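Undergrad: I need the structure of the sequence given here:
(4 chains)
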Protein chains: 2
Amino acid sequence: MKNKKNELTKNQKIVLDCIQKSNKPVKAYSILSNVSKKGLKAPPQVYRALEKLIEVGEVHKIESLNSFVACNSKCIEPNGTIFSICKSCDQTTEVSNVALAKFLSDFKDMNGTQFSGFNLELFGTCKSCKT
Amino acid sequence: MKNKKNELTKNQKIVLDCIQKSNKPVKAYSILSNVSKKGLKAPPQVYRALEKLIEVGEVHKIESLNSFVACNSKCIEPNGTIFSICKSCDQTTEVSNVALAKFLSDFKDMNGTQFSGFNLELFGTCKSCKT
DNA sequence: AATAATTTGTTATATTATAACACTATCTTC
DNA sequence: GAAGATAGTGTTATAATATAACAAATTATT
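TA: Now for the predicted structure:
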């Protein structure tokens, strides 16, 4: 069942706020230490908020970094994520490329069945790390 | 520097063999318990073998499952991996689709720079889980 | 208000992964 | 084939990531 106004709860807001304020993917325990002053003192509190935020699409997990980012653009693809990740500094940005998103969404398996979701992580070197 | 014959070492062979015998991605600690009878008794022994096997391309890590699979096909793409993962049973297969691989390899960032690598995980429901 | 569902706070513990160090084996080159 | 370099091994300890389980509090529904 939903929240009355379909809004995020206190803890979920606190965690989301923390993630949004970072310009890089954040690790769960880093979130935990950042929000401990706001009353979230144990891992489950953070992980539960993360789970919900991911479910509603406000947050994505960067699997290869075990880290979390806020959804910036309002994703162009509801069933998939595309990230560009700097191998050197972990700076990560959500890639909004219509052609790529469409290619992936439309992609079918050998039996012609469409996949229900995808996650693409592109690795490279970011601008600041190149110089 | 390489091994004399450019071969895998004993521990690397043991770990690779264990992964190849599985029809699903295997977790590091599952490998550990499977190979303990062959003398690998501590996590670092497994993780070091995995690191090398990944480096030489014999094994890939499935990030969203924290698990490892053997490279079956000899990948069509040297710099990227594409997996199809069953959401229900974790059955995973490496996808060898030339068009998709080419699309991803050729994909460029906003500045026109090619990425150096990619990992794509496609989620769906496998044949046996559908029935 | 009574019930149901969700969220919270908390403790404990499971799971995944690496640091550090002493030692051994192999490779290189002279 | 000895000396130094490189890579792999065995081991202990611990770091980092994530979840189970349960009681209490909050919010929504009737």
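Undergrad: Quick one, grab the pLDDT at the residue of chain A most remote from its centre.
TA: For chain A, the largest distance from the centre (CA atoms, centre = their mean) belongs to A:Asn111, which lies 30.3 Å off. In this prediction, A:Asn111 carries a pLDDT score of 86.
Undergrad: looking at this, it is in a helix?
TA: No - membership of A:Asn111 in a helix is not supported by DSSP: H, G, I helix; E, B strand; the rest coil, which gives coil.
Undergrad: Report pLDDT for the nearest residue to it once chain neighbours are set aside.
TA: For A:Asn111, ignoring the flanking residues on the chain, the nearest one in space by CB to CB, 6 or more residues apart in numbering or on different chains is B:Lys127 at 7.5 Å. Yep, even glycine has a C-beta here, placed from its N, CA and C like the rest. Among the per-residue scores, B:Lys127 shows a pLDDT of 89.
Undergrad: Backbone dihedrals for B:Lys127, both of them.
TA: Main-chain torsions, B:Lys127, degrees, to the nearest 10: phi -50, psi -50.
Undergrad: try A:Val26
TA: phi -110, psi 140.
Undergrad: To what extent is it buried, counted in neighbours?
TA: The burial count assigned to A:Val26 is 23, neighbours taken as other CB atoms under 10 Å in any protein chain shown.
Undergrad: beta partners of it?
TA: Counting by DSSP bridges, A:Val26 is bridged to A:Phe68.
Undergrad: now it: how far from A:Thr93?
TA: Separation of A:Val26 from A:Thr93 (CB to CB, to the nearest Å): 14 Å.
Undergrad: Repeat that for A:Lys61.
TA: 15 Å.
Undergrad: Identify the residues contacting the residue nearest the centre of chain A.
TA: Residue closest to the average C-alpha location in chain A (CA atoms, centre = their mean): A:His60, at 1.6 Å. Taking CB atoms under 8 Å, 6 or more residues apart in numbering or on different chains, we find A:His60 in contact with A:54, A:68-69, A:71, A:81, A:83, A:94.
Undergrad: Now do the phi/psi pair for it.
TA: The phi/psi pair for A:His60 (degrees, to the nearest 10) reads phi -120, psi 150.
Undergrad: For it, which non-adjacent residue is closest in space?
TA: A:Thr81 (5.1 Å).
Undergrad: Assign a three-state SS to that neighbour, would you?
TA: Following three-state DSSP, A:Thr81 is assigned to strand.
Undergrad: sorry, back to before: which residues does the residue nearest to the centre of chain A form beta bridges with?
TA: A:Val69.
Undergrad: From what I see, the residue farthest from the centre of chain A and B:Gly124 are in contact.
TA: No - A:Asn111 is beyond contact range of B:Gly124, at 9.9 Å (criterion: CB atoms under 8 Å).
Undergrad: ok, how many other residues are close to the residue nearest to A:Asn111?
TA: Using other CB under 10 Å, B:Lys127 has 12 neighbouring residues.
Undergrad: measure it to A:Thr113 for me?
TA: Computed as CB to CB, the B:Lys127 to A:Thr113 distance reads 9 Å.
Undergrad: One more: A:Ile31?
TA: 37 Å.
Undergrad: Tell me which helix or strand in chain A has the weakest average pLDDT.
TA: In chain A, no helix or strand scores lower on mean pLDDT, DSSP states H and E than helix A:127-130, which sits at a mean of 87.
Undergrad: Send me it as CSV with only the CA atoms.
TA: Backbone C-alpha positions of helix A:127-130 (Å, rounded to 0.1, in the frame of the first residue of the first chain) are rendered in CSV as follows:
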residue,chain,number,x,y,z
LYS,A,127,37.7,14.7,-19.3
SER,A,128,39.5,15.8,-16.1
CYS,A,129,41.3,12.5,-15.8
LYS,A,130,42.6,12.8,-19.4
